[in-house]
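> Can you look at this prediction? I've put the sequence above it.
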Amino acid sequence: FGFLVDQAELDVENEFGENIMARMDLDFIDLGSPSASAFFLEQAYVTANLGIGNGMEFLVGKFNAPVGLESVDRHENVFSTYTPGWVFLEPTQVLGMKFYYDFSDTWNFDFAVVNSMNGSGLNSGLPSAILRVGANWGDEGRESFWHIALGFGPEYSGVTGAAGAAGAVSHNTHYDALLATWGNFALGEYWDLGWELVGRRSNTVVGATNQSAFAGQLYGVYQASDVWTVQFRGAYFHEFSALAAASTGASTTGTTWSGHQGKTYSGTLGATYQITDDAHMKLEYRFDLAATTGTANPQFHTGVAEFGYSF
């Protein structure tokens with residue numbers, strides 16, 4: 001049990017003429033003790049609107065990756081807790097450059113060239129790329145959307161053999177591939193149905209096992225009144241190895257991904273009270289079952305209360 005400041009965020013932006021804008025998102029986190037307090041630079045970028053077609057936006061700096069149903073800013077999400085797919089597979093913040101373009105009022109795309117999809121800075125001698133195509137439609141306040149994203153690049157940079165020894169070879173020849181699709185459909189006046197599927201494959205070093213994982217979620221939101229919503233979600237995560245003999249339950253991905261080989265099932269039930277247009281309270285219960293290969297299957301029960309305010 002504990003109280004914490006998950007995110008106190010200050011967003012600063014300034015326009016330079018009609019076509020150039022700079023922005024910084026500064027996050028402050030306090031997990032309940034001085035040693036756990038931290039400053040986090042969520043975003044820092046400059047954008048320029050280029051006079052191409054309907055208007056193309058060019059961005060350079062650190063920015064939130066255009067991938068996934070869930071946002072880095074927790075208070076903007078339907079649920080207080082994140083799914084394993086977002087935590088372990090999807091890129092969050094990235095460093096690089098991005099192009100954004102509206103084909104029409106419905107269709108748009110992002111194309112980004114980044115240091116690393118894992119947001120770990122200069123992770124490779126070659127860049128990775130992310131492409132997202134999406135559509136938005138519906139009446140104001142009841143919009144629906146659908147997106148698909150592809151990420152690919154040499155995420156591993158290392159040395160085959162002992163560093164400095166004869167025959168040691170530095171290489172950037174192994175690649176990560178990411179495929180994700182997600183959406184939210186407004187059904188009538190009171191229901192929303194959201195979903196996401198994401199898969200990722202990582203090739204690390206010569207002669208080692210390829211790491212693969214798949215995740216998905218399905219949720220529904222019911223607008224019970226002008227100020228109350230009820231939401232429920234099911235989520236699934238599966239990390240597996242290409243080697244049939246890998247049945248010890250140990251992760252095939254080290255500390256990068258989930259930490260175990262097997263499946264995780266999650267169920268979440270929550271309610272949101274909209275105090276004002278800018279403030280809300282969320283209550284949430286979550287159950288997780290980790291079906292780990294070759295070991296016991298632990299269960300987790302989590303209760304969360306969240307207060308969020310934007311101004």
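On my side now, so go ahead. Numbers count the residues shown, from 1 in each chain.
> following the helix or strand of the chain with the lowest mean pLDDT, which helix or strand comes up?
Of all the helices and strands that make up the chain, the one with the lowest confidence by mean pLDDT, DSSP states H and E is strand 169-171; it has a mean of 48. Towards the C-terminus, the helix or strand next in line after strand 169-171, according to DSSP states H and E, is strand 176-187.
> next one: that following strand to chain centre, how far?
Offset of strand 176-187 from its chain centre (Cα atoms, centre = their mean, to the nearest Å): 11 Å.
> before we move on, what about stretch 88-98?
Taking Cα atoms, centre = their mean, the mean C-alpha location of stretch 88-98 is offset from the chain mean by 8 Å.
> How far does it stretch from one end to the other?
When the termini of stretch 88-98 are compared using Cα to Cα, to the nearest Å, they are 23 Å apart.
> same check, this time on stretch 215-231
According to Cα to Cα, stretch 215-231 extends 20 Å from its N-terminal end residue to its C-terminal end residue.
> So for it, what gets flagged as buried?
Applying a neighbour-count criterion of 16 or more other Cβ atoms under 10 Å, the buried positions in stretch 215-231 are 215-217, 219-221, 223, 229, 231. Every C-beta, even on glycine, is put in place using the N, C-alpha and C of the backbone.
> Okay, buried residues for stretch 94-102 please.
Neighbour-count burial for stretch 94-102 flags 94-98, 100-101 (criterion: 16+ other Cβ under 10 Å).
> Give the rounded mean pLDDT of the helix or strand residue 265 falls within.
Using DSSP H and E, the element containing residue 265 is strand 262-274. Confidence over strand 262-274 (mean pLDDT, whole number) is 94.
> following it, which helix or strand shows up next?
Proceeding N to C from strand 262-274, the next assigned helix or strand is strand 279-292, under DSSP H and E.
> Can you tell me what sits against the helix or strand just after that next one?
Downstream of strand 279-292, the next assigned helix or strand under DSSP H and E is strand 299-309. The contact list for strand 299-309, computed with Cβ atoms under 8 Å, 6 or more residues apart in numbering, reads 6, 74-75, 80-81, 278-290.
> From those residues, keep the buried residues only.
Using 16+ other Cβ under 10 Å as the threshold, 6, 74-75, 80-81, 280, 282, 284, 286, 288, 290 are the buried ones among the contacts of strand 299-309.
> In CSV: those residues, plus distance to residue 187.
Listed next are the buried ones among the contacts of strand 299-309 as CSV, based on distance: Cβ to Cβ, whole Å:
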residue, distance to residue 187
6, 31
74, 25
75, 24
80, 23
81, 24
280, 22
282, 22
284, 22
286, 24
288, 28
290, 32
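> Most widely separated two among these?
The span of the buried ones among the contacts of strand 299-309, defined through Cβ to Cβ, is set by 280 and 290 at 30.5 Å.
> Residue 200: which of the buried residues of stretch 94-102 is nearest?
When these are compared for distance to residue 200 (Cβ to Cβ), residue 94 comes out closest, at 14.9 Å.
> just checking, what packs against the strand holding residue 265?
Taking 3 or more Cβ pairs under 8 Å, 6 or more residues apart in numbering; DSSP states H and E as the contact definition, the neighbouring helices and strands of strand 262-274 are strand 228-241, strand 279-292.
> quick one: contacts for the closest residue to residue 28 other than its chain neighbours?
Taking Cβ to Cβ, 6 or more residues apart in numbering as the measure, residue 28 lies nearest to residue 8, with 4.5 Å between them; neighbours along the chain are not counted. By Cβ under 8 Å, 6+ apart, the residues touching residue 8 are 27-30.
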